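S.K.: Show me the folded form of this:
(2 chains)
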Amino acid sequence: MKGVRFWGTRGSLPVSLTAPQLRERLVAALRGARGRDLASDAALAAYVDGLDFAVAGTFGGHTSCVEIETGEPGYVVCDLGSGVRPFGQAAFARHGPSAPQTYHVFVSHLHWDHIMGLPFFVPAYVPGNRIVVYGGHAELEAALRRQMEPPSFPVPFDIFKADFAFVRLAPGVRHEVAGMTVTTLLQRHAGDSYGYRFEKDGRTVVYTTDSEHTLGDAGAMQAFVDFFRGADLVVFDAMYSLADAISVKADWGHSSNVVGVELCQRAGAAHLVLFHHEPASGDAQIARLLDDTRRLEAITRAGAPLRVTAAYDGLDIAL
Amino acid sequence: MDIAHHAYADVVVVTPAGRLDHTNAGDFERALLPLLEPGGRATAGVVLDFAGVDYISSVGLRVLMIAGKTMRARNARIAVTGLQPIVAEIFAISRFNGVVEIFADVPAALAAISPAAAAARAAGAKDGGA
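M.R.: Below is the predicted model:
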């Protein structure tokens, strides 16, 4: 595996910056530029690169869609959130309509924010493309078709010209897909969700979103530790604070940065990526969450350091 | 797990020690919750003296959440005292500083929760007890 690219990182609902928010950032950036010598483009770029991410960037954006670059022909993506639209546009721009591709799509679950992007996935409209959708739910195909039925959408699923196939993956079984070994884990979420562990060339990526952890069940927690064991990268649902996740938002089906750090530390994982950001959180809040999480990792570290990143739309991580 | 505890009037002070993590949080829960049952001494509240606790994980914090719900359900209070700096940071990062009341030490917590308990502890301290 060569790397992981994030096309959609927001939980529940797409969000975007508003014009007043963008203006506020421009003012902050220009205020910081006072008195600096920014005559050259290089100086300007260096200045912008030195700004806080919550000023110069944004976490975004689209709902869940994460690409795994396997180094093999074809594409691998996790979930069909709204982020699959820019992913599909990029793939189409790269190959055009006359070079058929295979897309392996792993779906965590069938809630709207994880499938809403499919009707806008350009490669699905291109004859010759092959789209293989993997998941743990028996209703996988039906759910993708249903969201394109009237009165919810103007054109039906059958307008797609690509060749679709649906493959149900049983949890706990090692599947060989796209040159990778893929294992799934049933997760606690309304209607169930599935985590994915991808292994190839001695590298391991875990994609585990929309997953609430039952802290009082030692066996269930250990199952996640085993699932994360030795992973190079863990993409983790850190939507809520720990206090919220086990009180006012208990049974909402999500986890926290604290549990993410603990599970990764116990599993000896190398890199935790905070994912499925709360849509009500602004960039400054997510940046603070990242700072807090890095601090927690540092003060609780017993073994090798755990790298911590907050995912954002457009983030590339090399493996 | 044996956790030291002492009742002062209508407040129970519990004194866990060491690490509260996935290896012993179940024991902590089984030791703590019976002390909070109706009919026990903790009618006004419970104070957890964390001066000897050097780490608490999410599983340990979950026990505090359960204890807090138990106490608040009968209009009693729960407080934590003596947080070591790292444990205080864990409380802040997990947002648990809004879940339980936090005081510098046991006397401060007792004074806030129950003057009778504070007086009982002070009297016991003079006697060399507690």
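
S.K.: phi, psi of A:F121?
M.R.: For A:F121, the backbone dihedrals are phi -90, psi 100 (criterion: degrees, to the nearest 10).

S.K.: what residues are up against the closest residue to A:F164 other than its chain neighbours?
M.R.: Of all residues not flanking A:F164 in the chain, A:I131 sits nearest, at 5.1 Å (Cβ to Cβ, 6 or more residues apart in numbering or on different chains). Bear in mind the C-beta positions are built from the backbone N, C-alpha and C, glycine included. Shown in contact with A:I131 (Cβ atoms under 8 Å, 6 or more residues apart in numbering or on different chains): A:102-103, A:105, A:123-124, A:160, A:162-165.

S.K.: Could you pull up phi and psi at A:I131?
M.R.: According to degrees, to the nearest 10, A:I131 has phi -120, psi 110.

S.K.: Now do the same contact list for A:H95.
M.R.: Contacts of A:H95 by Cβ under 8 Å, 6+ apart are A:Q101.

S.K.: Tell me where chain B has helices.
M.R.: Using DSSP state H, the helices found in chain B span residues B:25-32, B:58-72, B:85-93, B:106-113, B:115-126.

S.K.: Could you dump those into a markdown table with mean pLDDT, distance to chain A and mean neighbour count added?
M.R.: Formatted as a markdown table, these follow (pLDDT from 0 to 100; distance: least, Cβ to the nearest Cβ, whole Å; neighbours: other Cβ atoms under 10 Å in any protein chain shown):
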| stretch | mean pLDDT | distance to chain A | mean neighbour count |
| --- | --- | --- | --- |
| helix B:25-32 | 92 | 7 | 18 |
| helix B:58-72 | 95 | 4 | 20 |
| helix B:85-93 | 97 | 5 | 18 |
| helix B:106-113 | 97 | 20 | 21 |
| helix B:115-126 | 88 | 27 | 16 |
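
S.K.: Quick check: which of these is nearest to A:R295?
M.R.: A:R295 lies closest, by Cβ to Cβ, to one member of the helices of chain B: helix B:85-93, at 6.7 Å.

S.K.: Look up the pLDDT of A:R197 for me, please.
M.R.: You'll see A:R197 listed with a pLDDT of 98.

S.K.: and chain A, which residues reach chain B?
M.R.: Neighbours of chain B within chain A, by Cβ under 8 Å from any Cβ of the partner chain: A:215-216, A:218, A:221, A:241-244, A:246-247, A:256-259, A:262, A:266, A:292-293, A:295-296, A:299-300.

S.K.: Just the buried residues from the residues you listed, in ChimeraX please.
M.R.: Buried residues among these (16 or more other Cβ atoms under 10 Å in any protein chain shown), as a ChimeraX selection:
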select /A:215,221,241,242,243,244,246,247,256,257,258,259,262,266,292,293,296,300
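
S.K.: out of the residues of chain A next to chain B, which are inside helices?
M.R.: Reading helices off the residues of chain A next to chain B with DSSP H, I get A:218, A:221, A:242-244, A:257-259, A:262, A:266, A:292-293, A:295-296, A:299-300.

S.K.: tell me, what residue is most central in chain B?
M.R.: B:L48 (1.6 Å; Cα atoms, centre = their mean).

S.K.: What residues does that one make contact with?
M.R.: Residues near B:L48 by Cβ under 8 Å, 6+ apart: B:13-16, B:64, B:67, B:78-81, B:100.

S.K.: Strands - which of these land there?
M.R.: Among these, DSSP state E puts B:13-15, B:78-81 in strands.

S.K.: Are we agreed that A:V308 is in a helix?
M.R.: No. Looking at A:V308 with DSSP: H, G, I helix; E, B strand; the rest coil, it is strand, so not inside a helix.

S.K.: hey, what's it bridged with?
M.R.: Taking DSSP bridges as the rule, A:V308 bridges to A:L272.

S.K.: Give the burial count for it, as a bare number.
M.R.: 24 (other Cβ atoms under 10 Å in any protein chain shown).

S.K.: State the distance from it to chain B.
M.R.: Between A:V308 and chain B the computed distance is 12 Å (Cβ to the nearest Cβ, to the nearest Å).

S.K.: again with A:T70
M.R.: Taken as Cβ to the nearest Cβ, the span from A:T70 to chain B is 34 Å.

S.K.: Which residues lie in contact with that residue in this structure?
M.R.: Counting by Cβ under 8 Å, 6+ apart, A:T70 has contacts A:1-2, A:76, A:178-180, A:200.

S.K.: What of A:A223?
M.R.: With Cβ under 8 Å, 6+ apart, A:A223 has these contacts: A:L185.

S.K.: Reduced to three states, what does it come out as?
M.R.: Classified using three-state DSSP, A:A223 is helix.

S.K.: which strand residues sit across from the residue of the stretch 51-200 of chain A found nearest chain B in the sheet?
M.R.: Closest approach between the stretch 51-200 of chain A and chain B, counting by Cβ to the nearest Cβ: A:R188, at 14.7 Å. Legend: beta-bridge partners of A:R188 under DSSP bridges are A:E212.

S.K.: Just the pLDDT at residue 56, thanks.
M.R.: Just going to use chain A. With respect to pLDDT, A:A56 scores 94.

S.K.: my bad, chain B
M.R.: Per-residue pLDDT puts B:I56 at 96.
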